[in-house]
Structure formats: structure tokens, C-alpha cells
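Student: Give me the fold of what follows.
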Amino acid sequence: MIRLGANLGLNPKDPEEWIAQARDLNCQAISSPIDDTASAEERRAYREAAKEHDILIAEVGVWNNPISPNLTERKAAVEKAVRQLELAEELGASCCVNIMGAAGEVWDGCYAENLTEDTYALSVDTVRQIIDAVNPKHTFYTIEPMPWMYPDSPDNYLKLIRDIDRPAFAVHMDYTNMINGLDKYFNSDDFIRECFQKLGPYIKSIHAKDIIAETQLPCSIREVLPGTGSINYRKVLKLADSLGREMPVLVEHLDTYEEYKTAVAHLHQVWETCR
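Tutor: Numbering: from 1, shown residues only. Model prediction:
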């Protein structure tokens, strides 16, 4: 069973407002409304509200650079990731998600050094360090794929799973971030199927983004509002459902609250045609 929803910052004043926002957006799953700075009382209140109103907390985001070449920044990023993973465990979230990080000043930047053997080894060790500090029993630490850092393909993600070798390491599926060339773009149906076939047993959350290639030299592939690009959402939702377990499918990276409402509504409309 899939759960449709959104990854967005709502900043509610309390759990009641959060539930009202989630209902207004028609979200069955949604990202955490709080971070590691929340008190024990706040954590308990949001966890209980989600359970009472059947809202799945799909993911707790980290979004920093645990492999930064700046050692002070790296240490702080790892500590933040540990705290966010602890929060995900406490909230019963499907996963805690971050990117692997970049070998340069910009936390999500495109650098040749991102894909070296040394960076790969550091990435493996860092993920192990984060997971071992928490040893979660219910949630998972996951990495969102990126076009220019590990993992940038389903095969690289499988290699990470083998090399990290921790039961609490799993997959955050973002197929669009791995469509980093026109071959994958024009054959996106086949590529998305490959992603699900290879990574399916490990997937804990899915970002359902849309993309379009523009006539702009040398090459431009950009995100657009779901339903206005090239992604076959019937295929995405059917593949997500075929995994045979509760699976959050979230829209993200939109500019306004109304765009999120439109995007979630589009997912629901497509899903109705699949059933």
C-alpha cells in the first residue's frame, strides 16, 4: 500500500495545526515537522498525533555535509546526522535521509573529487559511524542519490549497501536525481523500472519529482511541477505499490503551498487510474 504526500517545511505551532495542514494537503505521509531541537514533550505529542490521525512520518531530513573537507564542519554535520537519526527512531519515521556529501565547500556541490576512491571510502566509514552511534531498531539511515556524488546509479547504491554492511542502512529512492544524462531521460521508463527492480527490497521512502529537458546548450534537465514533465507517474506508483508494503511517495522542491496541494492532488488522481 502506498501513502501519498509531501516533503516540505510547514513549521506548525502545534500538532493540531500540523494535522490540519496535512489533511488540507491530502497527505497520507509527510516529512517530520520537527527537528532534533524539539523537546521530549514535543516529540511525544507529534508522534501520538501522527498515530491517532493515521499520518505516516515518512522521513526526517538531515541535509548537510558529513564528509566536508572542513573538519570542524564535518564533525558538526556528523553530530547533527546522529541527532536526526535518533529523532527518526523516536518518532517511528520510515527513515532518516541525507545526501552523502561533497568533497568541496558547497555541501551539495558538483566536484570531480566526489567520485574518487578516497571519497567513497570516507563516505562508507562516515555512514557506519552515524548508524553505529544510534543503532536504530525501527528506522533506517538512507542516502538520497545525487547526479554527481555517490550513489549516482542503482548499481552504485547496491555497492554502498554491501560495503556499509549495516542492517539499518537502506535506500531513499529519488529516481530523478539519478537521471543525469539524456540517455536516461529519453529512456526514463526503463531506467525507473531498473531502479525499483534492483533496489526495491531496501527502499524506505520515495521522492516523486518530475523533470523536463529543455533546448538549451549544452544540456539542461530541470525539475517541474509533477504532471507537467516527462515522468510516467502511473509507472512510478505501480512500481511503488508492487513493493508490497507501506511506502511513502512524496512530492518536494515546489515553490508554494498551493503548488504542493496541486502536486499531491495529481498523485491521487493518477493513483485512482491505477486501481
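Student: Can you list the residue ranges for helices in the stretch 51-200 of the chain?
Tutor: 71-91, 117-134, 154-164, 175-178, 182-186, 188-199 (DSSP state H, counting those that start in this stretch).
Student: State the distance from the closest residue to residue 259 other than its chain neighbours to residue 4.
Tutor: What sits nearest to residue 259 in space, not counting adjacent residues and going by C-beta to C-beta, 6 or more residues apart in numbering, is residue 225, at 6.1 Å. In short, each C-beta sits where N, CA and C put it, glycine included. Computed as C-beta to C-beta, to the nearest Å, the residue 225 to residue 4 distance reads 15 Å.
Student: what about those two, which has more around it?
Tutor: residue 4 (26 against 18; other C-beta atoms under 10 Å).
Student: and the more buried one, what are its bridge partners?
Tutor: Residues in a beta bridge with residue 4, per DSSP bridges, are residue 249.
Student: Wait, it touches residue 25, no?
Tutor: No - checked against C-beta atoms under 8 Å, the pair residue 4 and residue 25 is beyond contact range at 9.8 Å.
Student: Could you name every residue contacting both of these two?
Tutor: With contacts taken as C-beta atoms under 8 Å, 6 or more residues apart in numbering, residue 4 and residue 25 have residue 264 as neighbours in common.
Student: Tell me which of the helices of the stretch 51-200 of the chain is the most buried.
Tutor: helix 175-178 (a mean of 23; mean count of other C-beta atoms under 10 Å).
Student: who's in contact with it?
Tutor: Contacts for helix 175-178 (C-beta under 8 Å, 6+ apart): 144-147, 151-154, 184, 188, 191-192, 195, 207, 209-211, 223, 231, 236.
Student: Just checking the distance from it to the centre of its chain.
Tutor: Once both centres are worked out by C-alpha atoms, centre = their mean, to the nearest Å, helix 175-178 turns out to sit 11 Å from its chain's centre.
Student: Over to stretch 211-230?
Tutor: Distance of stretch 211-230 from the chain centroid (C-alpha atoms, centre = their mean) equals 20 Å.
Student: what is the rounded mean pLDDT of it?
Tutor: If you average the pLDDT over stretch 211-230, you get 91.
Student: buried residues in it?
Tutor: Residues 211, 221, 224-227, 229-230 are the ones in stretch 211-230 that count as buried (16 or more other C-beta atoms under 10 Å).
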